[in-house]
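Chemist: Structure, please.
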Amino acid sequence: MKKINRLFSFFVVALMLTAAAIAVHKDIFGYKTSVSRASESTQIALSDRFTIKPEGIVIIHTAALPETVDGYAGPVPLEIYLKEGTISHIEPLPNVETPSFFKRASVLFDEWIGKTPEQAMDMKIDGVSGATYTSAAIVSNMNAGLACYVGAKAGPAGNIPWKMWVALAVTLVACIIPLFVKNKIYHNVQLVANVVVLGFWCGQFLDYALILKFISSGFSLPGALVAIVMLIAAFIYPLFGRPQHYCTHICPLGAAQQLVGELCGYKIHLSVKVLKALDWFRKILWAVLMLFLWTDTFAEWMDLELFQAFQFRSASWWIIGAAALFIALSAIVSRPYCRFVCPTGSLFKRSENIG
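Modeler: The predicted structure is shown next:
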């Protein structure tokens with residue numbers, strides 16, 4: 001009966017997320033239900049892939065190319081400016097990408113300035129740490145646009161930075177080893193790897209923006225392999241008796257809280273009444289945020305989840321401050337953000353039929 005209830009909860013959550021993806025992105029598995037929010041603000045002349053200015057400047061519109069690749073939260077269309085045969089300027093068009101990811105990955109533009117299209121396509125550019133999805137999308141879209149311009153075949157759009165394979169290894173270990181090994185030393189080493197590799201180095205974690213993007217646009221392999229493994233741990237493992245596996249063994253923000261919590265032996269005792277009140281606060285907050293998604297009235301809250309603090313070079317100061325506050329608080333209150341706030345964690349709990 002418990003497994004049936006969990007399975008029912010899983011399908012209910014899947015329907016809830018599908019409705020949210022349609023409301024926010026207007027797409028479902030790549031099929032447009034109406035004009036998407038990104039394209040509404042990108043009404044350029046996309047019937048042509050290039051624009052030639054009277055002064056000889058050529059503008060390549062990557063949004064018109066079928067080979068383009070989505071970033072972390074959605075399409076990242078670019079305009080590539082060529083002057084006297086070299087790349088003079090790269091202009092990002094309006095998009096629904098997570099701002100901190102795009103801001104961090106956009107430093108890649110400087111790598112191509114001054115290069116000819118042929119030279120640019122021959123370059124091997126590594127993704128920016130902590131923004132690997134967006135970096136890979138920018139590189140792929142640049143290659144597709146330039147290859148189309150010179151009449152050559154684009155390089156494989158599925159290439160991903162080698163650090164993503166490291167992130168995949170860390171995630172697989174976190175998914176498999178805890179099934180057979182119950183060792184505190186190993187667990188702490190895994191938590192450190194989650195924070196350093198998945199969090200700060202690669203920026204790999206699950207949040208609403210990524211989940212809705214997959215429902216709207218589908219998966220782009222091999223770049224989505226890490227996220228697919230994480231989604232299995234978050235949604236499928238609980239169906240087989242492994243509740244909260246992602247939150248406990250993989251999530252970098254949860255790992256940071258747990259590590260800090262082990263540094264202090266003293267913990268504040270919260271009464272049953274306070275715990276119930278905090279739990280109700282989490283549930284009400286989650287319900288309100290879901291309502292925002294279904295009505296597409298304040299979908300931008302997805303960019304405010306505290307996971308963005310791992311992109312500390314581009315995240316807003318208050319997100320960094322809030323994340324630091326919750327991590328510091330976890331020294332005396334066990335995993336406070338996970339237990340009493342986290343919208344993504346609440347989603348997982350609902351899919352597991354545990355609140």
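
Chemist: Relative to Phe205, how far out is Ser330?
Modeler: As judged by CB to CB, to the nearest Å, Ser330 and Phe205 stand 17 Å apart. The way it works is simple: take the backbone N, C-alpha and C, and place the C-beta from them, glycine included.

Chemist: cool, Ala227 as well?
Modeler: For Ala227 relative to Phe205 (CB to CB), the value is 9 Å.

Chemist: got the domain boundaries for the protein?
Modeler: 2-26+162-351, 44-150 (automatic domain parsing).

Chemist: will you turn the ones you listed into a markdown table that also has mean pLDDT?
Modeler: Listed next are those as a markdown table, based on pLDDT from 0 to 100:
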| stretch | mean pLDDT |
| --- | --- |
| domain 2-26+162-351 | 93 |
| domain 44-150 | 79 |
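
Chemist: how about these in a markdown table, adding mean neighbour count?
Modeler: Output for the domains of the chain, formatted as a markdown table (neighbours: other CB atoms under 10 Å):
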| stretch | mean neighbour count |
| --- | --- |
| domain 2-26+162-351 | 18 |
| domain 44-150 | 19 |
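
Chemist: Next up, the contacts around Ile28.
Modeler: Counting by CB atoms under 8 Å, 6 or more residues apart in numbering, Ile28 touches 18, 21-22, 215-216.

Chemist: 10 Å instead?
Modeler: 18-19, 21-22, 215-218 (CB atoms under 10 Å, 6 or more residues apart in numbering).

Chemist: just these now: which is nearest Pro161?
Modeler: Nearest to Pro161 among the contacts of Ile28 is Ser217, at 20.3 Å by CB to CB.

Chemist: pretty sure that closest one is touching His25, no?
Modeler: Yes: in this structure Ser217 lies within contact range of His25 using CB atoms under 10 Å: 7.7 Å.

Chemist: Dump whichever helix or strand Ser135 is part of to PDB, restricted to CA.
Modeler: According to DSSP states H and E, Ser135 maps onto helix 132-150. The C-alpha trace of helix 132-150 is given here as PDB (Å, rounded to 0.1, in the frame of the first residue of the first chain):
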ATOM      1  CA  THR A 132      28.600  24.200 -17.400                       C
ATOM      2  CA  TYR A 133      25.100  23.800 -19.000                       C
ATOM      3  CA  THR A 134      25.100  27.400 -20.100                       C
ATOM      4  CA  SER A 135      28.700  27.300 -21.200                       C
ATOM      5  CA  ALA A 136      28.100  24.200 -23.400                       C
ATOM      6  CA  ALA A 137      25.000  25.800 -24.900                       C
ATOM      7  CA  ILE A 138      26.900  29.000 -25.800                       C
ATOM      8  CA  VAL A 139      29.800  27.100 -27.300                       C
ATOM      9  CA  SER A 140      27.500  24.900 -29.300                       C
ATOM     10  CA  ASN A 141      25.400  27.800 -30.600                       C
ATOM     11  CA  MET A 142      28.500  29.700 -31.600                       C
ATOM     12  CA  ASN A 143      29.800  26.700 -33.500                       C
ATOM     13  CA  ALA A 144      26.400  26.200 -35.200                       C
ATOM     14  CA  GLY A 145      26.100  29.800 -36.200                       C
ATOM     15  CA  LEU A 146      29.700  30.100 -37.500                       C
ATOM     16  CA  ALA A 147      29.500  26.700 -39.300                       C
ATOM     17  CA  CYS A 148      26.300  27.800 -41.000                       C
ATOM     18  CA  TYR A 149      27.900  31.000 -42.100                       C
ATOM     19  CA  VAL A 150      31.000  29.400 -43.700                       C
END
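
Chemist: Which parts of this structure are strands?
Modeler: Here the chain has its strands, by DSSP state E, at 27-28, 31-32, 50-52, 58-61, 78-83, 86-92.

Chemist: Of all residues in the chain, which one is nearest the centre?
Modeler: Geometric centre of the chain, nearest residue: Leu210, 4.1 Å, by CA atoms, centre = their mean.

Chemist: Tell me how far that one lies from Tyr72.
Modeler: 6 Å.

Chemist: Find the residues that touch each one of these two.
Modeler: Common neighbours of Leu210 and Tyr72 (criterion: CB under 10 Å, 6+ apart): 98, 133, 227.

Chemist: Skipping its backbone neighbours, what lies nearest the second one in space?
Modeler: Among residues not flanking Tyr133 along the chain, Tyr72 sits closest, at 4.1 Å (CB to CB, 6 or more residues apart in numbering).

Chemist: Let me see the contact set for that neighbour.
Modeler: Taking CB under 10 Å, 6+ apart, we find Tyr72 in contact with 96-98, 100-102, 105, 131-137, 203, 207, 209-210, 213, 227.

Chemist: go on, Ala73?
Modeler: Contacts of Ala73 by CB under 10 Å, 6+ apart are 24-25, 38, 95-99, 101-102, 133-134, 207-210, 212-213, 216-217, 302-303.

Chemist: Quick check: chain neighbours aside, which residue is closest to it?
Modeler: Ala209 (4.3 Å).

Chemist: thinking the one you found is in contact with Met302, fair?
Modeler: Yes: taking CB under 10 Å as the definition, Ala209 is a contact partner of Met302 at 4.4 Å.

Chemist: what do those two both touch?
Modeler: Counting by CB under 10 Å, 6+ apart, the common neighbours of Ala209 and Met302 are 24, 73, 96, 98, 308, 344.

Chemist: Rebuild those as JSON lines, extending it with distance to Ile125.
Modeler: Listed next are the shared contacts of Ala209 and Met302 as JSON lines, based on distance: CB to CB, whole Å:
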{"residue": "Val24", "distance to Ile125": "31"}
{"residue": "Ala73", "distance to Ile125": "21"}
{"residue": "Val96", "distance to Ile125": "24"}
{"residue": "Thr98", "distance to Ile125": "20"}
{"residue": "Gln308", "distance to Ile125": "24"}
{"residue": "Thr344", "distance to Ile125": "30"}
